[in-house]
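[1] Generate a structure from the sequence data that follows.
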Amino acid sequence: MRTDIETDKRFVFCPNSSFIGFSTNKAFFGDIVQFQMPDSNIHLGRVIGRLKYAPPICDDKEPIRNWIIVAALSPTLDCTFERWIDPAWVIRTIPSERFSEMADVLNNFLAPELNRYSVDVLRRWVTSGWRTLSKYLASVAPQKTEVDHAS
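    Have a look, this model is predicted:
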């Protein structure tokens with residue numbers, strides 16, 4: 001971990017962040033950002049600070065100022081790692097007020113109980129617009145939902 005940098009918890013202006021839906025052009029401490037580094041895939045990270053200042057890495061480079069420090073989520077969802085993000089790479093912000101909805105979706109997505117249901121029930125759920133399987137099943141309660149008993 002580098003110790004020659006200055007950090008804080010101030011927000012960072014993100015000029016390319018979408019305004020569609022709930023996204024804004026400011027990334028606050030604790031928010032989730034979707035970012036795309038040059039020649040890279042889209043990644044998710046949680047803002048853990050602002051990189052106020054870092055000295056240049058090479059002699060011909062400028063110091064780094066006002067970048068975002070994120071805990072980036074690995075593509076396999078099994079770890080996080082620190083990334084310094086240029087605010088111009090941020091394409092969307094997800095404010096922390098939305099986290100309870102997201103937690104429901106992620107918990108449901110990773111739940112082992114999905115194995116109990118047939119492919120047809122699961123397909124109807126994911127195309128229904130309901131965030132969780134339990135909410136979908138409650139919405140169709142009068143109908144019989146088949147359970148797949150095959151192992």
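[2] max-length strand in the protein?
    strand 42-54 (DSSP state E).
[3] Identify the residues contacting the residue nearest the centre of the chain.
    By CA atoms, centre = their mean, the chain has its centre lying nearest to L44, at 4.2 Å. Residues near L44 by CB atoms under 8 Å, 6 or more residues apart in numbering: I32, V33, Q34, A72, L73. Quick note: C-beta positions are derived from backbone N, CA and C, even for glycine.
[4] pLDDT value on the second one, please?
    Model confidence at V33, expressed as pLDDT, equals 96.
[5] three-state assignment of it?
    Secondary structure assignment for V33 (DSSP: H, G, I helix; E, B strand; the rest coil): strand.
[6] starting at the chain centroid, how far to the lowest-mean-pLDDT helix or strand in the chain?
    Least confident helix or strand of the chain, by mean pLDDT, DSSP states H and E, is helix 99-109 with a mean of 84. From the chain centre to the centre of helix 99-109 is a distance of 11 Å (CA atoms, centre = their mean, to the nearest Å).
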